[in-house]
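Peer 1: predicted model and sequence follow; I will ask about them next.
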Amino acid sequence: MKGMLASEQTQEMQECLICKQEKGYGIQVLHYFICESCEQELVNTDTKEEAYNEYVHRLRKVRDSLFQNRRPIH
Ligand SMILES: [Zn+2]
C-alpha cells in the first residue's frame, strides 16, 4: 500500500548547499548537503566548463561566508 511506504520515509529535509532548497534526497559531502538534482547537474556539467566553474565559484562563496561567520572581521 502507498500509505505504508510513505510512512517509512524517515529521511529528513535538508537545505541544499547550491540551490538553497529543502530536499529529502541528495548526497552528503563532508557536512554539506547537495540535493539530488544539483548533484545530477554537477555530474552532467562535466563537459561544460563554464557551468562547472559557476558551481565552484558558488561553493567557494559559501565557504568564505562560513569562515566569516566564525571569525568576526571587526
Ligand atoms: Zn540543490
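Peer 2: Alright, I've got the coordinates.
Peer 1: what's across from Gln28 in the sheet?
Peer 2: Beta-bridge pairing for Gln28 (DSSP bridges): Phe33.
Peer 1: report pLDDT for it.
Peer 2: Gln28 carries a pLDDT score of 84 in this model.
Peer 1: and Lys48, by the same measure?
Peer 2: Listed pLDDT for Lys48 reads 63.
Peer 1: what is the burial count for the closest residue to Gln14 other than its chain neighbours?
Peer 2: Using Cβ to Cβ, 6 or more residues apart in numbering and skipping the chain neighbours, the partner closest in space to Gln14 is Phe33 (4.2 Å). Every residue, glycine included, has its C-beta placed from N, CA and C. Phe33: 20 surrounding residues under other Cβ atoms under 10 Å.
Peer 1: any buried residues in the helix or strand containing Val56, and which?
Peer 2: Using DSSP states H and E, Val56 maps to helix 49-70. For helix 49-70, the neighbour count (16 or more other Cβ atoms under 10 Å) marks Tyr55, Leu59 as buried.
Peer 1: could you check it against the ion for contacts?
Peer 2: No - using Cβ under 5 Å from the ion, helix 49-70 stays clear of the ion, with a minimum separation of 10.5 Å.
Peer 1: I'd guessed the residue nearest to Gln14 sits against Glu22; true?
Peer 2: No - with contact defined as Cβ atoms under 8 Å, Phe33 does not count as touching Glu22 (9.8 Å).
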